[in-house]
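> Give me coordinates for this.
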Amino acid sequence: MSSSYQFDLLRTYRFLRLAMVLLVLLLFISVATYIWSSGHILQSISASYYTPVQAVFVASLCAIGTCLIVYQGSTNLEDVLLNGAGFFAFIVAFVPTRPEQKCVSSAISSDVRDAITNNVSALFIVAVLAFAAVMGIQLFATPAADRALSKGVGVAIGLSVLAFLGLVGFYLVNRGAFMCHGHDTAAILLFIGIVAVVFVNARGLAREQAREDGRPVRQHLWNRYFWGFVLMVVSILVIVVTGPWLGWLDHWVFWLEAALIGQFATFWLTQTIDLWREPRREDAPVAGA
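Numbering: from 1, shown residues only. Okay, here's the model as predicted:
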């Protein structure tokens, strides 16, 4: 492979990674502008669906979901987690959060119901086609050395398929409940996915550092990515305790979403700098990059 071709591929990875950061920044600026002009904080970032931010909210989530799916992780496990998180980003975009405390599906306006049915049905069909295409490429258009998947990846794929089938079953069996709670379910799974991605990268960086200096992996575990993972977990615990549990923090869902999205964007930017000269950890740096 020529060095110029390698650099073109590397540049595509760079732009894809930077696009993720810019899309998050687009959403944050749009939400912040609305909060500044309206003078009040939203109950959640997802609640911006019912504000002038709606177009930016839906478009940025769909674009971020696409980037997460298209991006090839450093390991198969990371790639499975990114794909899952990207898919759930579409659900979060297509199924709006409900503004009322207790949702009744019959009270949802017909235009919103029709939009959810149309968009989610199309998403599920395309998801099945995409999964079949990826499995076909893995089986018939992948070198034999890279074709085998580890046991952990197999488990992750199995869990992803079960989660997808669960969502489809939820959608088909109880459409009304899906319209009321599908957003929250997908959002929780999305955040679990991105937190897991940070943890997987902490392990990957520890293994890379262990190979470089010959020391055990456990001595490198407390690296910058692991601290990022710890910060995300602590943020969840602190905000949940001070918000719904103790009642000290208003708009706690907004602050939780903002904290986790901001922390993941910081992780993603840090990882972009780490992988600036090679798209995957085990790859050699591209000449001239």
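
> what bits of the stretch 151-289 of the chain have low per-residue confidence?
The model of the stretch 151-289 of the chain has pLDDT under 70 over residues 151-153, 281-289.

> how far does stretch 94-114 sit from the chain's center?
Between the mean C-alpha point of stretch 94-114 and the mean C-alpha point of its chain there is a distance of 24 Å (C-alpha atoms, centre = their mean, to the nearest Å).

> Can you tell me what sits against it?
Residues from elsewhere that reach stretch 94-114, judged by C-beta atoms under 8 Å, 6 or more residues apart in numbering: 43-44, 46-47, 49-50, 58, 115-116, 119-120, 123, 175-184, 186-187. Where C-beta positions appear, they are placed from N, C-alpha and C, glycine not excepted.

> wait, what's in contact with the most centrally placed residue in the chain?
Of all residues in the chain, the one closest to the mean position by C-alpha atoms, centre = their mean is A85, 3.6 Å from it. Applying C-beta under 8 Å, 6+ apart to A85 gives the contacts G65, L68, L189, L190, G193, I194, V197.

> Burial check on the third one, number of neighbours?
Neighbouring residues of L189 were enumerated by other C-beta atoms under 10 Å; the total is 19.

> Show me what secondary structure element comes after the host helix or strand of it.
With elements taken from DSSP states H and E, the one containing L189 is helix 175-213. Sequence order places helix 224-240 as the next helix or strand after helix 175-213, per DSSP H and E.

> Let me see the residues that make contact with that following helix.
By C-beta under 8 Å, 6+ apart, the surrounding residues in contact with helix 224-240 are 195, 198-199, 201-202, 205-206, 249, 252, 255-256, 259-260, 263-264, 266-267, 270-271.

> Tell me the buried residues within those.
With neighbours counted by 16 or more other C-beta atoms under 10 Å, the contacts of helix 224-240 contain buried members at 195, 198-199, 201-202, 205-206, 249, 252, 255-256, 259-260, 263-264, 267, 271.

> quick check: mean pLDDT across stretch 127-139?
Mean pLDDT, computed over stretch 127-139, is 86.

> same question, stretch 23-37
Along stretch 23-37, the predicted confidence averages to a pLDDT of 96.

> Look up how far W36 lies from the closest residue to L26 other than its chain neighbours.
Spatial nearest neighbour of L26, excluding adjacent residues (C-beta to C-beta, 6 or more residues apart in numbering): S60 at 5.4 Å. Distance, S60 to W36, using C-beta to C-beta, to the nearest Å: 18 Å.

> More neighbours: the two, which one.
S60 (21 against 8).

> you'd agree the more buried one is up against L23?
Yes - contact status for S60 versus L23: in contact at 4.9 Å, counting by C-beta atoms under 8 Å.

> Low-confidence stretches in the stretch 1-150 of the chain?
Counting by pLDDT under 70, the stretch 1-150 of the chain contains low-confidence residues at 1-3, 145-150.
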